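J.: 3D, please:
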Amino acid sequence: MTDPLSRTFLALADPTRRAILARIAEGAQSVSALVAASHLSQPAISKHLKVLEEAGLIRRERVARTRPVHLRAEGLRPAGAWIDHYRKHWEGAFDRMDALIARLNEEAQGNGRQ
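T.: Got it, this is the predicted structure:
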């Protein structure tokens, strides 16, 4: 899968990966800290981290004997833009529906009913 947006949504589709991102958003975490905070093994967490890294949502670095994992918030930007496009569409539809309801209420009041 080479499409970056698809990789991002694939990474975000898994609740474990979303939980990992939430922890990392609070600050860099070591892999062992992520393992300790979950019910998964180190190899399982490493597989999730690989998916997140390939999606551009995290970065890992080597500091002495540790490999802290950091959030790459800019990796969420394309997904946010995609969602925002549809949010604007639905907000416009809801605004039109609100206007229609207001007009119908005004007409009903004008006809002496409500």
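
J.: so residue 4 touches residue 79, yeah?
T.: No - with contact defined as CB atoms under 8 Å, residue 4 does not reach residue 79; the gap is 9.1 Å. Any C-beta I mention is one placed from the backbone N, CA and C, and that applies to glycine too.

J.: Of those two, which one has the most company?
T.: residue 79 (18 against 14; other CB atoms under 10 Å).

J.: Okay, now the unreliable bits of the protein?
T.: 1, 112-114 (pLDDT under 70).

J.: Let me see the ranges of the helices in it.
T.: 4-12, 15-25, 31-36, 42-54, 77-110 (DSSP state H).

J.: export those helices to TSV and tack on distance to residue 65?
T.: TSV is the format used below for the helices of the chain (distance: least, CB to CB, whole Å):
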stretch	distance to residue 65
helix 4-12	27
helix 15-25	20
helix 31-36	11
helix 42-54	15
helix 77-110	33
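
J.: wait, which of the ones you listed is closest to residue 62?
T.: Minimum separation from residue 62 across the helices of the chain (CB to CB) falls at helix 31-36, 11.6 Å.

J.: Return the set of buried residues in that closest one.
T.: 31, 33, 34, 35 (16 or more other CB atoms under 10 Å).

J.: packing partners for that helix?
T.: helix 15-25, helix 42-54 (3 or more CB pairs under 8 Å, 6 or more residues apart in numbering; DSSP states H and E).

J.: Show me how far the longest one is from its chain's centre.
T.: For helix 42-54, the distance from its own C-alpha centre to the chain's C-alpha centre is 17 Å (CA atoms, centre = their mean, to the nearest Å).

J.: Also the first one?
T.: Relative to its parent chain, helix 15-25 has a centroid offset of 10 Å by CA atoms, centre = their mean.

J.: Report all helices and strands that it contacts.
T.: By 3+ CB pairs under 8 Å, 6+ apart, helix 15-25 packs against helix 4-12, helix 31-36, helix 42-54, strand 58-60, strand 69-71.
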